[in-house]
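> can't give you the sequence, but here's the structure:
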Ligand code: IPE
Ligand code: IPE
Ligand code: MG
């Protein structure tokens, strides 16, 4: 967890929402909105590098998003693969380390392969860590964490009496990252949509009506500025 009063968040998590509405408003197909969304994501990574944010987690595809029409899901997977392929040299140049969380084996094979290639190619980078949440669901993550804990008990690595908040956190997909300090959601929706349920217990929330493709590095800077004005109390009286 970041120290209270620290003005730049160490970890920003973003629910990138509103691509469909952005496209609809222009009479364009939804996938156009997703393409513009990918452009906004790229800008956001750059913005985080400039602001010296250490971790950026982007909610790119939820476990529930598989329920969308096949054509949209297919187009999103193609876009993800293309984005990773095209942008990996840029990630390397910008010293960005790519990681991913979620049920990654649900992704199409070619997508998984490209994802692992990009993760490997950027593994040695020391700047921003960009975490893509893919086929991610917060409740599924907690279930997977419980299974992992039960396995550790079964093989005798731990005793059930040892389980506490810190230990459980080490069995989640996010075990290598600090909890998010700031959670941004675009498109005005006031909900978590199954994103990082465990990790956001004391995260500062920032909701903007802007649709994700319209979100610029200026908007990111405004969210970070607002975060700097928040007083984090963690339940204490001051
Ligand atoms: C967010 O935009 C991108 C994904 C969920 C993949 P949406 O596609 O949810 O756009 P809206 O919310 O329908 O406008
Ligand atoms: C959340 O957006 C998921 C991502 C941004 C990837 P959704 O559009 O899926 O969320 P709901 O359906 O409005 O809650
Ligand atoms: Mg949406």
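Arrived safely. Worth saying up front: this structure is predicted, and the values here are computed from it rather than measured. Ligands and ions are numbered 1, 2, ... in the order given.
> up against ligand 2, what does this structure have?
With CB under 6 Å from any ligand atom as the criterion, the chain meets ligand 2 at residues 15, 16, 17, 59, 60, 61, 62, 65, 189, 191, 193. The way it works is simple: take the backbone N, C-alpha and C, and place the C-beta from them, glycine included.
> if we check ligand 1, which of those residues are in contact?
Among those, the ones lying near ligand 1 by CB under 6 Å from any ligand atom are 16, 17, 61, 65.
> just the closest of these to residue 129, please.
Nearest to residue 129 among those: residue 16, at 17.3 Å, using CB to CB.
> check which helices and strands the biggest helix by length in the chain sits against.
Longest helix in the chain by number of residues (criterion: DSSP state H): helix 70-93. Judged by 3 or more CB pairs under 8 Å, 6 or more residues apart in numbering; DSSP states H and E, the packing partners of helix 70-93 are helix 30-51, strand 55-62, strand 97-101, helix 109-121.
> same question for that helix, mean pLDDT?
The average pLDDT within helix 70-93 is 98.
> one more: stretch 7-19?
The model assigns stretch 7-19 a mean pLDDT of 97.
> what is the end-to-end distance of that stretch?
Distance between the two ends of stretch 7-19: 30 Å, counting by CA to CA, to the nearest Å.
> that stretch: which residues count as buried?
Within stretch 7-19, the residues scored as buried using 16 or more other CB atoms under 10 Å are 8, 9, 10, 11, 12, 13, 14, 15, 16, 17, 18, 19.
> excluding its backbone neighbours, what's nearest the fourth one?
Meaning residue 11. residue 55 (3.9 Å; CB to CB, 6 or more residues apart in numbering).
> the second one too?
Leaving aside its sequence neighbours, residue 9 sits nearest to residue 181 (CB to CB, 6+ apart; 3.6 Å).
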